[in-house]
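S.K.: From the sequence below, what's the structure:
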Amino acid sequence: MKLSLAITYLIFLFMIGCATTSVSPVTQNDEISKLVYQYDDASVPPEYHRSYMISIDPEQIHLVVDSYGDILKDTTLNFDATRFEKLVRLYDQSKLHYCSSKKENDGCTGGNGDQIRSYFNDETLFSASVYHCGGVDYGNLCGNYDLIKDEIRSLIPNLNELLE
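M.R.: You can find the predicted model right below:
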């Protein structure tokens with residue numbers, strides 16, 4: 001009796017092991033075809049206001065700088081699939097996720113914001129934002145968003161010049 005129970009148990013473990021090793025879950029990384037970082041500047045006079053959006057896919061980086069909707073710069077840089085894959089891995093490491101806003105902004109004005117989005121073709125996989133105002137963060141973007149934001153910004157070597 002003990003022997004048949006032991007054999008049944010081993011067969012059960014073997015079947016579970018086969019099932020878990022033969023199934024390869026699709027990760028979000030496999031689906032990402034574009035990443036977007038958007039910076040929304042504070043409410044300042046137009047000559048100082050610089051919001052921008054950086055869109056990255058396996059072939060190019062596209063930067064658009066604006067001041068209250070007026071396009072100031074529109075620049076495209078070459079990119080490649082290998083570097084994009086590394087960026088997507090870093091995106092995964094940042095463990096971005098939705099969270100509920102910890103507070104209402106209670107009328108705080110003059111802050112700035114970050115938005116991060118990922119896409120598979122035209123389908124939005126993830127889209128969240130955070131508004132920084134008065135030393136407090138509001139919004140639904142949680143995780144280490146600075147990790148991916150800083151890396152995306154670093155891909156444009158002359159970003160500060162383009163924001164002037």
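S.K.: which element is residue 73 on?
M.R.: strand 70-78 (DSSP states H and E).
S.K.: same question for stretch 94-114, mean pLDDT?
M.R.: Looking at stretch 94-114 alone, the average pLDDT works out to 82.
S.K.: what sits up against the helix or strand just after the strand holding residue 73?
M.R.: Downstream of strand 70-78, the next assigned helix or strand under DSSP H and E is helix 81-93. Residues from elsewhere that reach helix 81-93 (C-beta atoms under 8 Å, 6 or more residues apart in numbering): 27-29, 32, 35, 56-59, 118, 144, 147-148, 151-152, 155. Where C-beta positions appear, they are placed from N, C-alpha and C, glycine not excepted.
S.K.: Which strand in this protein has the most residues?
M.R.: strand 123-133 (DSSP state E).
S.K.: Report the buried residues of the helix or strand just after that one.
M.R.: Using DSSP H and E, the helix or strand that directly follows strand 123-133 along the chain is strand 136-139. In terms of neighbour count (16 or more other C-beta atoms under 10 Å), strand 136-139 has its buried residues at 137-139.
S.K.: same deal with stretch 154-164?
M.R.: 155-156, 159, 163.
S.K.: and that stretch, average pLDDT?
M.R.: pLDDT averaged over stretch 154-164 gives 91.
S.K.: on that earlier part again, please, a PyMOL command that selects the buried ones among the contacts of helix 81-93?
M.R.: Only the buried entries of those go into this PyMOL selection, using 16+ other C-beta under 10 Å:
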select buried, resi 32+35+56+57+58+118+148+151+152+155
